[in-house]
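J.: Any chance you could fold what I've pasted below:
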Amino acid sequence: MLTNDWQYLASVGALGPGITRIATLGNNPDIDTGTQPEDVWAGAALGTVNGVDHRLIPRPTSATAMEAVSDSANDAAAGSGARTIVIGYLDSDYTAKTVVVTMNGTTPVPITPTMLRINSVVVVTSGTVGGANAGAIQIRAAGGLGATYAYMQVGVGLARSSMYTVPGGFAYDILSMVLSINRTDTNTRYASYSLCIQNQAGRLIKGIELSNGSEGPYRHEADGCAVNTIAEKSDVWIRCESVSLNDTNTTASLFGIQRPLNMTTLERY
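T.: Below is the predicted model of the structure:
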């Protein structure tokens, strides 16, 4: 029964305040043997822009002024594409917050709060283009001369990235990883992936490395236990270390439960 399933109870907030389900979904549409390794996020498609190599997810070193912009004029307040988006972000203290931004097409819209990390970008309201964004939407450094920190592919409605940054005062128990090579031709393809964990001080470890083929997706779990527990103020994401063939399209996701560090024994059970 669902009422006895602790993962379900946690995902709906029934095990105590602050206990929430966290899931990431990343996609990298094109990895070549000459460009590996690449992180699993949509922004890798940008390549090198403004001197920043977006094959690996850029992250600010401090809370940064950013702006939202589309490459389509239809993503605007009265347009047929995305009209408003909501950004889930962490401020300079690693506190989770959200902000709603009204798009203005190809004209950049300054975002009022500075942001240290972006954990999600989702279309909130839209016009007639399938309920999603007409163009590719970027959340990038203000002025457009730095890095892009979130990227929404055309028509997807959310910025697809495997990365998540744990807010201060919380831990993130990863319960499941899904790896998939999205087959777009008749070639059999293989790839290897690492679970990357980087703490606030910059120490990077690769908690696990797995391989997968294009015959089908692979789900990695640990018999109901956490695959890995990510500490507060740490980044976690999936990096594709190598591919067997050029033009490999891959998706990777993480699923788990985020819990307060001060959770009591009563709240645990």
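J.: Where does pLDDT dip in this structure?
T.: By pLDDT under 70, the low-scoring segments of the chain are 1-4, 6-7, 11, 13, 264-269.
J.: Which residues are in contact with the spatially most central residue of the chain?
T.: Nearest to the mean C-alpha position of the chain, counting by C-alpha atoms, centre = their mean, stands residue 161 at 2.8 Å. With C-beta atoms under 8 Å, 6 or more residues apart in numbering as the criterion, the residues that contact residue 161 are 24-26, 40-43, 57, 150-151, 237. Bear in mind the C-beta positions are built from the backbone N, C-alpha and C, glycine included.
J.: if we go to 6 Å?
T.: Under the criterion of C-beta atoms under 6 Å, 6 or more residues apart in numbering, the contact list for residue 161 reads 26, 41.
J.: Same question for residue 233.
T.: Taking C-beta under 6 Å, 6+ apart as the definition of contact, the neighbours of residue 233 are 94, 168, 200.
J.: go with 7 Å
T.: Counting by C-beta atoms under 7 Å, 6 or more residues apart in numbering, residue 233 makes contact with 94, 166, 168, 200.
J.: And for residue 184?
T.: By C-beta under 7 Å, 6+ apart, the contact set of residue 184 is residue 249.
J.: Which of the three states applies to it?
T.: In terms of secondary structure, residue 184 is coil; the call rests on DSSP: H, G, I helix; E, B strand; the rest coil.
J.: Against residue 77, how distant is it?
T.: Using C-beta to C-beta, to the nearest Å, one gets 36 Å for the distance from residue 184 to residue 77.
J.: swap in residue 34?
T.: Where residue 77 is concerned, residue 34 sits at a distance of 42 Å (C-beta to C-beta).
J.: Of these two, which one has the most company?
T.: Comparing residue 34 with residue 77 by other C-beta atoms under 10 Å, the one with more neighbours is residue 77, at 13 against 6.
J.: Leaving aside the residues adjacent along the chain, what's closest to the more buried one?
T.: For residue 77, ignoring the flanking residues on the chain, the nearest one in space by C-beta to C-beta, 6 or more residues apart in numbering is residue 102 at 5.2 Å.
J.: same deal with residue 259?
T.: That would be residue 19: by C-beta to C-beta, 6+ apart, it lies 5.1 Å from residue 259.
J.: so who does the residue nearest to residue 77 touch?
T.: With contacts defined as C-beta under 7 Å, 6+ apart, the neighbours of residue 102 are 77, 83-84, 109.
J.: now do 10 Å
T.: With contact set as C-beta atoms under 10 Å, 6 or more residues apart in numbering, residue 102 has these partners: 68, 76-77, 82-85, 109, 124-125.
J.: so can I have JSON lines of those showing secondary structure?
T.: As requested, the contacts of residue 102 are exported to JSON lines (three-state DSSP):
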{"residue": "68", "secondary structure": "strand"}
{"residue": "76", "secondary structure": "strand"}
{"residue": "77", "secondary structure": "coil"}
{"residue": "82", "secondary structure": "strand"}
{"residue": "83", "secondary structure": "strand"}
{"residue": "84", "secondary structure": "strand"}
{"residue": "85", "secondary structure": "strand"}
{"residue": "109", "secondary structure": "strand"}
{"residue": "124", "secondary structure": "strand"}
{"residue": "125", "secondary structure": "strand"}
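J.: which of these count as buried?
T.: Burial by neighbour count, judged by 16 or more other C-beta atoms under 10 Å, picks out 68, 76, 82-83, 85, 109 from the contacts of residue 102.
J.: Let me know the closest of those residues to residue 146.
T.: Taking C-beta to C-beta as the measure, residue 68 is the one of the buried ones among the contacts of residue 102 closest to residue 146, at 14.2 Å.
J.: can you map out the strands along the stretch 1-150 of the chain?
T.: Under the criterion DSSP state E, counting those that start in this stretch, the stretch 1-150 of the chain contains strands at 20-31, 38-39, 48-49, 52-53, 66-70, 82-90, 96-102, 109-110, 117-126, 137-141, 148-152.
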